[in-house]
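Undergrad: Predicted model and sequence below, questions to follow.
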Amino acid sequence: MSRRVKEMLIEDVGSRLKGVKDILVVDASKLDGVTANKLRLSMRKKKISALGVRNKLSRVALKNVGMTSLDPLLEGPSTLVWGGEDIVALSKEIAQWVKEIEPLKIKGGTTEGATLSKETVEELAKSPGRKELIGQIVAAMLSPGAQLAGALLGPGRKLTSQIEKISEKEESAKEESAVAAPAAT
């Protein structure tokens, strides 16, 4: 490969990865063509990109965009995977595919400049995603308010219930006296 072609590849990879903070590295070298296409099409639907480039070119491109945390992972066959909602969603998607496709292997990743091991990526795949965490936080924030509202409304409901029972008894007593009064005359 000529120097100019390498420079063009490095520039292209760098432009694709510019601004990306979460990247996983997988070994997809043992996948057959049909399986690899199925994987890529499925990931594309979820806005996840995958790029297989020679490690040396990847290192140079990543260095140009200020990301050197993947250097230890770029040994042997490597495919860079990025996109999705966040690193947790990306990890979940890749972990799901690793379970389905045996030859696919997770090598590690990076998020916010920190290198992630294979085990860390697998742990991220088990943790709640961004939307789930936001839901949990909102539920935790609303819980005390709901409890307070219940505590404030509880005595009022009891009072209302007691008043309704008394009024029902009075109405039934009036009806009985109205029915009994014509019979006595």
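TA: In hand now; what should we look at? The shown structure was predicted, so the numbers you read here are calculated from the model rather than taken from an experiment.

Undergrad: Look at the most centrally placed residue in the chain and report its pLDDT.
TA: Nearest to the geometric centre of the chain sits Gly129, at 2.9 Å (Cα atoms, centre = their mean). The confidence metric pLDDT takes the value 74 at Gly129.

Undergrad: again, but for Pro182
TA: Listed pLDDT for Pro182 reads 62.

Undergrad: for Gly156, same thing?
TA: Gly156 is given a pLDDT of 74.

Undergrad: how close does it sit to Met1?
TA: Look at Gly156 and Met1: by Cβ to Cβ, to the nearest Å, they are 79 Å apart. For glycine as for every other residue, the C-beta is placed from the backbone atoms N, C-alpha and C.

Undergrad: Which residues are in contact with Lys46?
TA: Counting by Cβ atoms under 8 Å, 6 or more residues apart in numbering, Lys46 touches 83-84, 93.

Undergrad: tell me which of the residues you listed is nearest to Ala50?
TA: When the contacts of Lys46 are compared for distance to Ala50 (Cβ to Cβ), Gly83 wins out at 8.7 Å.

Undergrad: ok, back up a step: measure the residue nearest to the centre of the chain to Gln96 for me?
TA: In this view, Gly129 and Gln96 are 13 Å apart by Cβ to Cβ.

Undergrad: Could I get the phi/psi values of Lys107?
TA: With angles defined as degrees, to the nearest 10, Lys107 sits at phi -100, psi -30.

Undergrad: ok, now how distant is it from Asn37?
TA: Distance check for Lys107 against Asn37: by Cβ to Cβ, it reads 21 Å.

Undergrad: Comparing those two, which residue is more hemmed in?
TA: Set Lys107 next to Asn37 and count neighbours by other Cβ atoms under 10 Å: Lys107 wins out with 21 against 11.
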